[in-house]
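>>> generate a structure from the sequence data that follows.
(one chain, ligands or ions: 1)
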Amino acid sequence: MYPPRFDYAVPTTLQEALDILSRRGDEAKVLAGGQSLIPLMKLRFAQPAWLLDINRVTELEFVRDGPDGLSVGALARHRHLERSEAVRARYPTVAACASQVADPLVRNLGTLVGSLCHADPQGDWGAVAVAMDAQLMIRSLRGHRIVPATEFFLGPLTTVLQPDELVTEARFPAVPGRMFGTYLKLERKVGDFATVGVAVFLTLSDGRVARAGIGLTAVGPMYVKARGAESLLLGQALTDELAAEVARKAAEEADPASDHRGSAHYKRQVVRVFVQRALRHAMVIKAA
Ligand SMILES: Cc1cc2nc3c(=O)[nH]c(=O)nc-3n(C[C@H](O)[C@H](O)[C@@H](O)COP(=O)(O)OP(=O)(O)OC[C@H]3O[C@@H](n4cnc5c(N)ncnc54)[C@H](O)[C@@H]3O)c2cc1C
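Numbering: from 1, shown residues only. Now for the predicted structure:
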């Protein structure tokens, strides 16, 4: 089905984009990769009068790895994150997620920021963002604000974004030491949304866990940050026994619903197995 008629603006600078949003925000939608928005429009679930295509705002097209952390611009495609040597070396959870979003066609166009703004509870990036305490940089003509990922999502397909606001980047804060972690995803077939997804990251200091984050996809009304499981890890040496205990706790914190992808009981078991597997993976990498 074709989407309904809409007007179309193609700014080339951020200032121009914000200016258009300040005037048209109530009736406009930002278009990044279009991998979620266009299907919604074709199904008539979204009918914006205006599309604000940001694809020529090249200043938003960046992935920067610096002392403050990893900054992912609003036009950085999943593919860029999947391919980046720096991301693979320093942010393994981000790289692992990037390679598992959808399929190569979608990854060439879709963006991490667009995925977070879309706020689909089955989207893979939300779990990574809450696990790693990412922050969203938000701009409008009124100024800017920084919102932690844990406060950005209000519910399915709903965020704190106001109509005149644009997310310019997602920032994954730097943590001291080497980061271990991964994103594990169970999908029914390649390219499917997650039946369950698990994002884990941690850093070690003197052999003990100094920082830890666990985020879960598709096992709750929104992304789950398994805070209880995270706290079990802090200050502890990583052992098989601890991994099993943390995994049990994370499964308790999940709140899955039974649907066509599996029963709630099954999904909880997958969370347990995946968290344990991700922690073991970290132990193996550390030992290597
Ligand atoms: C076949 C298929 C399979 C898919 N499988 C998966 C999957 O396995 N896992 C997964 O996580 N996702 C999946 N997706 C969804 C999609 O890949 C993601 O949601 C993501 O790529 C969307 O990013 P985008 O840049 O295309 O966003 P768009 O579709 O352009 O925008 C999405 C929403 O975010 C808003 N938006 C975008 N950028 C900004 C910004 N900078 N500031 C403010 N608002 C903004 C838009 O207005 C819109 O409401 C799939 C999609 C398709 C078509």
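>>> what residues does the lengthiest helix in the chain touch?
For the chain, the helix with the greatest residue count under DSSP state H is helix 264-287. Contacts with helix 264-287, where a contact means Cβ atoms under 8 Å, 6 or more residues apart in numbering, come from 180-182, 184, 186, 195-196, 198, 200, 202, 204, 214, 216, 218-219, 226, 229, 238, 240, 242-244, 246-248, 250-251, 254, 256-258, 261-262. All C-beta spots, glycine's among them, are computed from the backbone N, C-alpha and C.
>>> return the subset of those lying in helices.
Those of those mapping onto helices are 229, 240, 242-244, 246-248, 250-251, per DSSP H.
>>> buried among those? Make that a PyMOL selection.
The PyMOL selection below is limited to those of these classed as buried (16 or more other Cβ atoms under 10 Å):
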select buried, resi 229+242+243+246+247+248+250+251
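>>> show the backbone phi and psi for His78.
Phi and psi for His78, reported as degrees, to the nearest 10, are phi -50, psi -40.
>>> tell me how many other residues crowd the nearest residue to it once chain neighbours are set aside.
Among residues not flanking His78 along the chain, Arg107 sits closest, at 4.0 Å (Cβ to Cβ, 6 or more residues apart in numbering). Per other Cβ atoms under 10 Å, the neighbour tally for Arg107 reads 23.
>>> ok so, going back, pull the most distant pair out of the ones in helices among the contacts of helix 264-287.
Asp240 and Ala251 (16.6 Å; Cβ to Cβ).
>>> where do the helices sit along the stretch 51-200 of the chain?
Assigned by DSSP state H, counting those that start in this stretch, the helices in the stretch 51-200 of the chain fall at 78-83, 85-90, 92-98, 104-109, 112-118, 124-131, 149-152.
>>> ok, the residue of the stretch 151-288 of the chain found nearest the ligand to Gly207 distance?
Proximity of the stretch 151-288 of the chain to the ligand (Cβ to the nearest ligand atom) peaks at Val167, 3.8 Å away. As for Val167, its distance to Gly207 is 38 Å (criterion: Cβ to Cβ, to the nearest Å).
>>> looking at the two, which one has more neighbours?
More neighbours surround Val167 than the other of Val167 and Gly207, with 23 against 9 (other Cβ under 10 Å).
>>> quick one: name the residues of the chain near the ligand.
Within the chain, the positions lying close to the ligand (Cβ under 6 Å from any ligand atom) are 29-37, 39, 74, 101-102, 106, 109-111, 113-115, 117-118, 123-125, 161, 166-167, 191, 193.
>>> picking that back up, mean neighbour count, the helices of the stretch 51-200 of the chain: which tops it?
Of those, the one with the most neighbours on average (mean count of other Cβ atoms under 10 Å) is helix 124-131, at a mean of 30.
>>> same for that helix, what does it pack against?
Counting contacts by 3 or more Cβ pairs under 8 Å, 6 or more residues apart in numbering; DSSP states H and E, helix 124-131 packs against helix 92-98, helix 112-118, helix 149-152, strand 179-186, strand 196-205, strand 208-217, strand 224-225.
>>> so what touches that helix?
With contacts defined as Cβ under 8 Å, 6+ apart, helix 124-131 is touched by 93-94, 97, 100-101, 112, 115-116, 119-120, 134, 149-150, 152-153, 170, 172, 183, 185, 194, 197-201, 213-217, 222-225.
>>> can you tell me which of those residues are buried?
Among the contacts of helix 124-131, those classed as buried by neighbour count (16+ other Cβ under 10 Å) are 93-94, 97, 100-101, 112, 115-116, 119-120, 134, 149-150, 152-153, 170, 172, 183, 185, 194, 197-201, 213-217, 222-225.
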